[in-house]
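Chemist: Sharing a sequence plus its predicted fold:
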Amino acid sequence: GNSVTQMEGPVTLSEEAFLTINCTYTATGYPSLFWYVQYPGEGLQLLLKATKADDKGSNKGFEATYRKETTSFHLEKGSVQVSDSAVYFCALSDGASNYKLTFGKGTLLTVNP
Amino acid sequence: EAQVTQNPRYLITVTGKKLTVTCSQNMNHEYMSWYRQDPGLGLRQIYYSMNVEVTDKGDVPEGYKVSRKEKRNFPLILESPSPNQTSLYFCASSRSGGAYEQYFGPGTRLTVT
């Protein structure tokens, strides 16, 4: 079956630091890949996505590239802000599993001023 | 405003007392799903629905029921709740199966004593 593995953290950074959250996946088909973000007390919001190999998803300064050869979708941001403090989830979806989202366990990011 | 609503947001109940968590979306989405979020386990799918009157089990369906009589509503029913169903529950919807964004509700925190 499908699975997603991401670094669990917690990750604590100073403002303006560089962020990487690693994500690797196992899938039987050709999945679409997502990063969702959960701010305290809220539901999940889509941050970015990529639907095929070598696609780069980007939003709000965050980027991730779909790497089929390494089965990875690492999240990066060049300069984090305090407002980026949240839990980040890597996820995949494919037709073979009826398009359910398979999530990693989440990474708590705290950014200090 | 496009949204997924859930009610109640918080619920404390006792073992065996039937309860229903409602979920409604105003985006005319075909696909709806329920997830539970537990510490260290991330989010896991309980049930999903591809359209009206079409529902199927996710990864952790035991102890739950769902129905999809109308396109906008997808209630989650716990016929006889047990303490191991204490969790944070999220409803989500999307246009259809595929690489479409899933929109999440704000969550329902359930405690079963």
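Modeler: Yep, it's here.
Chemist: can we go C-alpha only for contacts and neighbour counts from here?
Modeler: Fine.
Chemist: Could you export the host helix or strand of A:E63 as CSV, CA atoms only?
Modeler: Assigned by DSSP states H and E, A:E63 belongs to strand A:62-65. The C-alpha coordinates for strand A:62-65 follow below in CSV (Å, rounded to 0.1, in the frame of the first residue of the first chain):
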residue,chain,number,x,y,z
PHE,A,62,7.4,27.5,-0.1
GLU,A,63,8.5,25.1,-2.8
ALA,A,64,8.7,21.3,-3.4
THR,A,65,9.7,19.3,-6.4
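Chemist: outside of that strand, which residues touch it?
Modeler: Under the criterion Cα atoms under 8 Å, 6 or more residues apart in numbering or on different chains, residues A:48-50, A:54-58, A:72-78 lie in contact with strand A:62-65.
Chemist: So which of these wins on neighbours?
Modeler: In terms of neighbour count, A:F73 stands highest of the contacts of strand A:62-65 at 29 neighbours, by other Cα atoms under 10 Å in any protein chain shown.
Chemist: how close does that one get to A:L44?
Modeler: Distance, A:F73 to A:L44, by Cα to Cα, to the nearest Å: 18 Å.
Chemist: what about the chain, any weak spots by pLDDT?
Modeler: With no chain named, the answer covers chain A. Applying pLDDT under 70 to chain A flags residues A:96-98.
Chemist: other chain: chain B
Modeler: Looking along chain B with the criterion set at pLDDT under 70, you get B:97-98.
Chemist: Spell out which parts of it neighbour chain A.
Modeler: When proximity is defined as Cα under 8 Å from any Cα of the partner chain, chain B approaches chain A at B:40-45, B:48, B:58, B:90, B:97-99, B:101-107.
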